[in-house]
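Q: Below are the sequence and a predicted model; questions follow.
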Amino acid sequence: MGYVAVKAGEELIQRAEDLFEKQRLADEDAPITVDQLEGQLERLTAQAMSEAGLYAPRLAALAVKQAQGDTVEAAFLLRAYRSTLERWDESVPVEPSAMFATRRVSPAFKDVPGGQILGPTKDYTQRLLDFELEDEDEGEDPTADWDLEDAEPTTLTNVVDVLREEGLVSEPDEPDVDAPTDTTREPVTFPVERDAVLQELARGETGAVTALGYSALRGYGQVHPTLAEVRVGKLPLTIEHPYTGDEVTVADVAVSESEAVVPVYAKRDDPQFAFGYGLTFGRNERKAISMTILDASIQLESEDEPAENAEFVLDVVDGMDSFGFIEHLKLPHYVTFQSILDRIRAIRERKVAGTTDDEAEPATDDGTDPTERESSESEPSDRETIEASDDD
């Protein structure tokens, strides 16, 4: 049974879309450009890329512009576009230690190999509204006077690797698979392997991943990790040359990475750390950190807390699923709601008449409710007239 309202709305739907576009162009100023979005709102486009599972900064900027800043809508557009692309090849796996880090902090150790690199951040300053930005005409580079020496980019030693060398990190069991699961092509089934968990978390909606990770910290879980390090930088994108077979780096991918350790006391004679891992496209440290909490929580394989239940976590963090289910509530539900409304009214009318469901007149041979039959045979009431008008 189709929705009654749909048949009357093609022109109205087109006009509603036109009004939506007008909102983007309402001001007298020139429309914001894709270049500006890509260059100045990098975190916004990074969030759209990570939730879409497609690394394409310029397309992400275009999607954010089209969605008027709605990152979930932008991720939806990118996923739809991604589904039309042909897969040519797969890149060669790279070690996280190959990252050229522009930012690396380790809350676990003061002195780490390579040192702490604060990079671009406002983590350590006051967060107050800067009203001077209202009248900003031309941007002024605050680092223009810096006297920096040219230096070759260097890679940094992974902090968790230092703990691994001491045998302090408990390694998870090796998965019994030949190749990682590709959750963009294969449905996720439970119980789920860790590689699929990490993929789904990486594409999870940032707010949902953060909220569930936070729930574990607030007592609805057993994991309260120590971050070994958080890194932001670029990983090389390496492929095998189609003719020579040699590995060649063709591009790089901006990512945020986080690793956390969690004390495990199950093995009293040899206590170790478990660990959680998170990696997302672009600059999104909050999501990467939340991923480490959920990864470590899910490895407990418990259903006692929401963050430890893999099925619950993966079902609710996907932004496309939650986006669809929540937003579909705006679509017409006239038929289903009318059915519920009729049932509620029938129950109330029987109650007023002094009968209960058990005492009510049984259904007729043709299966219809006698109350409904009587109502349909009588003249339409004012209430029914109003309902018919609303449906039109």
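A: It's in.
Q: show me where the stretch 1-150 of the chain has strands.
A: Counting by DSSP state E, counting those that start in this stretch, the stretch 1-150 of the chain has strands at residues 100-105.
Q: Can you list the low-confidence ranges for it?
A: Scanning the stretch 1-150 of the chain for pLDDT under 70 picks out the ranges 1-8.
Q: Okay, now the unreliable bits of the stretch 151-300 of the chain?
A: Ranges of the stretch 151-300 of the chain meeting pLDDT under 70: 151-154, 265-269.
Q: in it, which spans are helices?
A: Secondary structure of the stretch 151-300 of the chain by DSSP state H, counting those that start in this stretch: the helices cover 159-165, 194-202, 206-217, 285-298.
Q: Using TSV, please lay out those together with mean neighbour count.
A: Any C-beta I mention is one placed from the backbone N, CA and C, and that applies to glycine too. Converted to TSV, the helices of the stretch 151-300 of the chain look like this (neighbours: other Cβ atoms under 10 Å):
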stretch	mean neighbour count
helix 159-165	17
helix 194-202	21
helix 206-217	21
helix 285-298	26
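Q: Residue 73: which of those is closest?
A: Nearest to residue 73, of all the helices of the stretch 151-300 of the chain, is helix 206-217, at 13.9 Å by Cβ to Cβ.
Q: Can you give me the separation between the closest residue to residue 203 other than its chain neighbours and residue 82?
A: Counting by Cβ to Cβ, 6 or more residues apart in numbering, residue 203 lies nearest to residue 53, which is 4.6 Å off, once chain neighbours are set aside. As defined by Cβ to Cβ, to the nearest Å, residue 53 lies at a distance of 7 Å from residue 82.
Q: Those two: which has the busier surroundings?
A: residue 53 (17 against 14; other Cβ atoms under 10 Å).
Q: So that one sits against residue 204, correct?
A: No: between residue 53 and residue 204 there is no contact under Cβ atoms under 8 Å: 10.2 Å.
Q: sorry, back to before: now list whatever residues contact both of residue 53 and residue 82.
A: residue 184 (Cβ atoms under 8 Å, 6 or more residues apart in numbering).
Q: what's near enough to touch the closest residue to residue 209 other than its chain neighbours?
A: In space, and not counting its chain neighbours, residue 209 is closest to residue 290: 4.6 Å by Cβ to Cβ, 6+ apart. Residue 290 sits next to 209, 210, 212, 213, 214, 278 when contact means Cβ under 8 Å, 6+ apart.
Q: Kindly recompute the last result at 7 Å.
A: For residue 290, the contacting residues are 209, 210, 213, by Cβ atoms under 7 Å, 6 or more residues apart in numbering.
Q: list the contacts for the residue lying closest to residue 184 once chain neighbours are set aside?
A: Distances taken as Cβ to Cβ, 6+ apart place residue 53 nearest to residue 184, at 6.1 Å, with adjacent residues excluded. Contact partners of residue 53, counting by Cβ under 7 Å, 6+ apart, are 79, 82, 184, 203.
Q: try 10 Å
A: Residues near residue 53 by Cβ atoms under 10 Å, 6 or more residues apart in numbering: 75, 78, 79, 82, 183, 184, 199, 200, 202, 203, 281.
Q: Same question for residue 298.
A: 192, 194, 197-198, 201, 223, 276, 307-314 are the contacts of residue 298 under Cβ under 10 Å, 6+ apart.
Q: These, buried ones only, as a ChimeraX selection?
A: The ChimeraX selection below is limited to those of those classed as buried (16 or more other Cβ atoms under 10 Å):
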select :192,194,197,198,201,223,276,307,308,309,310,313,314
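Q: from the contacts of residue 298, which single one is nearest residue 121?
A: Among the contacts of residue 298, and counting by Cβ to Cβ, the member closest to residue 121 is residue 276, at 22.0 Å.
Q: do you know how far the closest residue to the closest one other than its chain neighbours is from residue 211?
A: Nearest residue to residue 276 in three dimensions, chain neighbours excluded: residue 296, at 3.2 Å (Cβ to Cβ, 6+ apart). From residue 296 across to residue 211, the span is 16 Å (Cβ to Cβ).
Q: Same check on residue 327?
A: Taking Cβ to Cβ, one finds residue 327 at 19 Å from residue 211.
Q: Now the terminal residues of stretch 289-305, how far apart.
A: Using Cα to Cα, to the nearest Å, the end-to-end distance of stretch 289-305 comes to 19 Å.
Q: Hmm, I typed the wrong one, I wanted stretch 216-235.
A: 30 Å.
Q: And it, what's buried?
A: 216, 221, 223, 225, 227-235.
Q: same check, this time on stretch 40-50
A: 41, 42, 44, 45, 46, 47, 48, 49, 50.
Q: Alpha carbons of that stretch, in CSV - could you do that?
A: C-alpha atoms of stretch 40-50 as CSV (Å, rounded to 0.1, in the frame of the first residue of the first chain):
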residue,chain,number,x,y,z
GLN,A,40,40.0,26.0,5.5
LEU,A,41,37.5,23.5,6.9
GLU,A,42,39.7,20.5,6.8
ARG,A,43,38.2,18.8,9.8
LEU,A,44,34.8,19.0,8.4
THR,A,45,35.8,17.4,5.1
ALA,A,46,37.9,14.8,7.0
GLN,A,47,34.8,13.7,9.0
ALA,A,48,32.8,13.2,5.9
MET,A,49,35.6,11.2,4.3
SER,A,50,36.1,8.9,7.3
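Q: what's the spacing between it and its chain's center?
A: The chain centroid and the centroid of stretch 40-50 are separated by 12 Å under Cα atoms, centre = their mean, to the nearest Å.
Q: what do you get for stretch 285-298?
A: On Cα atoms, centre = their mean, the centre of stretch 285-298 falls 12 Å from that of its chain.
Q: What of stretch 290-301?
A: Counting by Cα atoms, centre = their mean, stretch 290-301 comes out at 16 Å from the chain centroid.
Q: how about the helices in the stretch 1-150 of the chain?
A: Under DSSP H, counting those that start in this stretch, the stretch 1-150 of the chain gives helices at 10-24, 34-40, 42-52, 57-66, 71-82.
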